[in-house]
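J.: Got a predicted model here, sequence first, then my questions.
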Amino acid sequence: MILLKREKNGIWVVRKFVSEHNHPLGIELQKGHRILDDKDKKIQELTAELRVKKRLSAAYREQLLAVLKDVEEHNGNVSNKVKLVYENLRKLESKMQQPLCHR
């Protein structure tokens, strides 16, 4: 047991200290408490497993978003190339339709 007193100057002082105990220091677990402890352990294990799965899920999501971004960029590049090919074909067709003397 410890008894503390606060002095006028604001400093705490130990007034009484008893190092002997009138009760056992350890706690004996009863059967019901052991079951609760097993349940608590299981909850802790499942919580830890859930934490790992959430981290994995976040990593997979990040990777998937990166892949989707790459696919979108690739689609944009392909669209631009298709547009250029289309424009070049139109130019070629218009040149082919002109009389030979104007070429």
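T.: Received it, and whenever you're ready, just let me know what you need.
J.: what distance separates whatever helix or strand residue 76 lives in from the centre of its chain?
T.: Secondary structure from DSSP states H and E places residue 76 in helix 31-97. Computed by Cα atoms, centre = their mean, to the nearest Å, the chain-centroid distance of helix 31-97 equals 14 Å.
J.: what's around the residue lying closest to residue 18 once chain neighbours are set aside, how many residues?
T.: Nearest residue to residue 18, sequence neighbours excluded (Cβ to Cβ, 6 or more residues apart in numbering): residue 1, at 4.4 Å. Placement of C-beta: from N, CA and C, glycine included. Residue 1 has 9 neighbouring residues, counting by other Cβ atoms under 10 Å.
J.: low-confidence ranges in the chain?
T.: 23-36, 100-103 (pLDDT under 70).
J.: okay, stretch 63-77 in CSV with CA atoms only?
T.: Once non-C-alpha atoms are left out, stretch 63-77 reads as follows in CSV (Å, rounded to 0.1, in the frame of the first residue of the first chain):
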residue,chain,number,x,y,z
GLN,A,63,-2.1,-3.2,-57.6
LEU,A,64,-5.4,-3.6,-59.3
LEU,A,65,-5.9,0.2,-59.6
ALA,A,66,-2.4,0.5,-61.0
VAL,A,67,-3.2,-2.2,-63.6
LEU,A,68,-6.5,-0.4,-64.5
LYS,A,69,-4.6,2.9,-64.9
ASP,A,70,-2.1,1.1,-67.2
VAL,A,71,-4.9,-0.4,-69.3
GLU,A,72,-6.6,3.0,-69.6
GLU,A,73,-3.4,4.6,-70.7
HIS,A,74,-2.9,1.8,-73.2
ASN,A,75,-6.4,2.2,-74.5
GLY,A,76,-5.8,5.9,-75.0
ASN,A,77,-2.6,5.2,-76.9
